[in-house]
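Undergrad: Structure for the following, please:
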Amino acid sequence: MIIFLGIAGVLMIPLGFYLYFLYKRAFRVFLHEKRVRLQKIIAAAAAVLTAAFSINFFGLWALLVFHIAAISVILDLLRLLLKKCGCRKNRTWEFLCSSGLLALSVTAVIMGYAYWNMHQVKVTQSTVYTDKEIRTQGYRIVFLSDLHYEMTMDLTALQAYCAQMEQQKPDLVILGGDIVDEATTLEGIKEAFGALGQIKSTFGTYYVYGNHDKGLYSRTCAFTQQQLAQAALDAGVCILEDDTVRCNEELSISGRKDRSYAKTGQQARKSAQDLLASVQQDGFHILLDHQPREMEQNAAAGYDLMLSGHTHAGQMWPVGLLTTLFDKRTVNYGQKAFGNMQLIVSSGIAGWGYPLRTGKHSEFVVIQILHS
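TA: Modelled structure (predicted):
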């Protein structure tokens, strides 16, 4: 945490200088040449405070500030380009840019779209083919992750989505982690699992913890880990934490302990290979791991399908793009083959931190497993 805050603090320095420039320019537009020295002092103070409150990269305030600053940079570059091209100045254009009103307006439009987009949950269809001997009709899975319950929906909305999931007539319902988080109330936990546990399926509902489910990121979490587990069990949801279950002779599901718990000094998780020790190797094996990592090892262990969430597909652009470019050990979103194993990473049915999304869409995934 100290290292993260140090890095964030260093990054705030150029942001602070640019914010000072923006504030000073806006004051000059509205106040002209009156009390210039006082304007500079107020602009400097405002810039320092704005940058200081933006040090939490995951907060809504920082999100707004970064968008305003980025859009202002783009507008300044555009103004410079137009000047170099010899274009005549337009007073209205200059006023909107210099005052900051255009950057604020564009940010408002983006945030409005982000709020709307977060609440438009899509049904994504995926097909996985296998040469293993499975029943003729195959298997249908409803997979959802990253609900972060109470962030974007209440019980009525969740029940409506659960009804849509049940209409898919699933054989399995899989909850890929971060169904709740440190901001969820105890009553919210009971509501979330109560609704999800009611979805009818052939083999039941299975759940792996994500990095947020147990409330590790807050000292004032409204529930205990025991209450979380009990709420899931009371709803008929099977928790898989370094466990494997067999649905029948040809289908098994393994769920891994989330890698974040090992990092916090808790018990190390079992290897993916160890989780397959008790099942027939010629069956179809599904692996649930909240964070899409170690795909090559999981494929080598003998899994046919891996299901993950966690990334939110970036949630706010350009996070997903940066992840794709600079973190080659993970997959930001979608379906990808690793040897004989298919990986499906969902963008999640909701989001974390704020109810906003410009990176991809919210979704639950319907997966059809068929014999090739």
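
Undergrad: following the lowest-mean-pLDDT helix or strand in the chain, which helix or strand shows up next?
TA: Sorting the helices and strands of the chain by mean pLDDT, DSSP states H and E puts helix 259-263 at the bottom, at a mean of 77. Next helix or strand after helix 259-263 toward the C-terminus (DSSP states H and E): strand 284-288.

Undergrad: Identify each buried residue in whichever helix or strand comes after that following strand, please.
TA: Using DSSP H and E, the helix or strand that directly follows strand 284-288 along the chain is helix 295-301. Within helix 295-301, the residues scored as buried using 16 or more other Cβ atoms under 10 Å are 295, 298-299, 301. Just so you know, the C-beta spots here come from the backbone N, C-alpha and C atoms, and that holds for glycine as well.

Undergrad: Farthest pair within these?
TA: Pairwise distances across the buried residues of helix 295-301 peak at 10.6 Å for 295 and 301 (criterion: Cβ to Cβ).

Undergrad: what sits in contact with each of those two?
TA: Here residue 295 and residue 301 have no joint contacts, going by Cβ atoms under 8 Å, 6 or more residues apart in numbering.

Undergrad: Grab the most central residue of this protein for me.
TA: residue 312 (2.5 Å; Cα atoms, centre = their mean).

Undergrad: Kindly provide the distance from that one to residue 174.
TA: Applying Cβ to Cβ, to the nearest Å, the value for residue 312 to residue 174 is 17 Å.

Undergrad: Also residue 91?
TA: Distance from residue 91 to residue 174, by Cβ to Cβ: 59 Å.

Undergrad: Tell me, please, where in the chain the pLDDT is lower than the cut-off.
TA: 1-9, 262-267 (pLDDT under 70).

Undergrad: which residues of it fall in helices?
TA: 2-31, 36-53, 60-84, 91-99, 101-118, 155-167, 186-196, 225-234, 259-263, 295-301, 319-326 (DSSP state H).

Undergrad: Next one: the residue lying closest to residue 27 once chain neighbours are set aside from residue 137, what distance?
TA: Closest residue to residue 27 apart from its sequence neighbours, by Cβ to Cβ, 6 or more residues apart in numbering: residue 39 at 4.2 Å. With distances taken as Cβ to Cβ, residue 39 is found 73 Å from residue 137.
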